[in-house]
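[1] What follows is a predicted protein model with its sequence.
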Amino acid sequence: MRQAFGLTDEDLRFVADTVGWRPGDPMDAPSVLRAREDLLDVMLEDDRLVARLLGDEDVLLRVSPRFVFAVLLRRVMCDLHAHPYTLERRSAETVAVFDAPRVRRFIAEPGMWDYLVGLLTSFVRNESVSMVVRRGDRIVRRRFSTSSLEDMMVLADLVDRADLPWLFRRIADIALFRSGVFPESLRWARTQRGPAARIRVLPPTLETYEEHGRRFYRLAASQPQVGEEGRVLEVLAEEFATARKSLEILSDRYLRWTRVRWLEAPGT
């Protein structure tokens, strides 16, 4: 696992400052830690990093979002190593499932760990794509949210084939992110009634999101332009439930109960 990959110099100085830097000038920390990833590997598991990330709102102004999720996802891996089971919410109860080693191995695979960190980082800011479309006999400009499953599915029918690999992957990422980080919104939506429920094109349920996530990861993996990332996308299609559980553990333990809001729930 390339621990320094994608981390900024300020991220690495934050690690040194939080964990305690001994050799030389703290300003030298980035170059030293990039050269000594074995040392960085140990430092990234220090309890003080997680405590400071979750307890200090000013941290948002200093470190990169990628660093935050790299540290928290590593902490999930440590938690799964310490406890042999995970918890699953079912219709009327929460049950213990002894699958922690399997979930941990899934996250720990370098390509998967890197992909999940990047996925989480991509939802820190809601962005949109603007496109001219025909509406009846009029030409109008429409904005598509890159955090909306339905918007991205509509957009996939309008763009050139060259843009489809990114869109297929984004649709699947939204399904994984929403069902993993904000599963309660989908469990609640299953029982929703009235006008708000009737106007939805896509039923907002865990089952629907898993179905679309698997389907679009397969479609993304099948595109000739996808390259080496195709293998990761294939695994996500096959192991969508495991990927969703890894994000739900992260959300349950480190995102939902902190006063720092790192992510906004995407629209449907």
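    Now that the structure is in, tell me what you want to look at. Residues are numbered from 1 along each chain as shown.
[2] Contacts only, for Val103.
    Counting by CB atoms under 8 Å, 6 or more residues apart in numbering, Val103 touches 80, 86, 242, 245-246, 249. Quick note: C-beta positions are derived from backbone N, CA and C, even for glycine.
[3] Quick one: which of the residues you listed is the most crowded by neighbours?
    Using other CB atoms under 10 Å as the neighbour criterion, Ser246 leads the contacts of Val103 with 25 neighbours.
[4] Name the nearest residue to that one, ignoring sequence neighbours.
    Among residues not flanking Ser246 along the chain, Ile107 sits closest, at 5.2 Å (CB to CB, 6 or more residues apart in numbering).
[5] Please save the CA atoms from the strand or helix carrying that neighbour in CSV.
    Following DSSP states H and E, one finds Ile107 within helix 100-108. C-alpha atoms of helix 100-108 as CSV (Å, rounded to 0.1, in the frame of the first residue of the first chain):
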residue,chain,number,x,y,z
ALA,A,100,-14.4,-9.1,9.8
PRO,A,101,-11.3,-10.9,8.4
ARG,A,102,-12.9,-11.1,5.0
VAL,A,103,-13.9,-7.4,5.0
ARG,A,104,-10.5,-6.4,6.2
ARG,A,105,-8.8,-8.3,3.4
PHE,A,106,-11.1,-6.7,0.9
ILE,A,107,-10.2,-3.1,2.1
ALA,A,108,-6.5,-3.9,2.5
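[6] Distance of Pro84 relative to Val103?
    Distance check for Pro84 against Val103: by CB to CB, to the nearest Å, it reads 11 Å.
[7] about what we covered before: in the helix holding Ile107, which of the residues would be classed as buried?
    Buried residues in helix 100-108, counted by 16 or more other CB atoms under 10 Å: 100, 103-104, 106-107.
[8] sec struct for Met27, please.
    Secondary structure, DSSP: H, G, I helix; E, B strand; the rest coil: Met27 is helix.
[9] Surely the residue nearest to Ser246 and Lys245 touch.
    No - with contacts counted by CB atoms under 8 Å, Ile107 stays clear of Lys245, the gap being 9.9 Å.
[10] For the chain, which segments are assigned as strands?
    For the chain, strands defined by DSSP state E occupy the ranges 86-89, 94-97, 128-135, 138-145.
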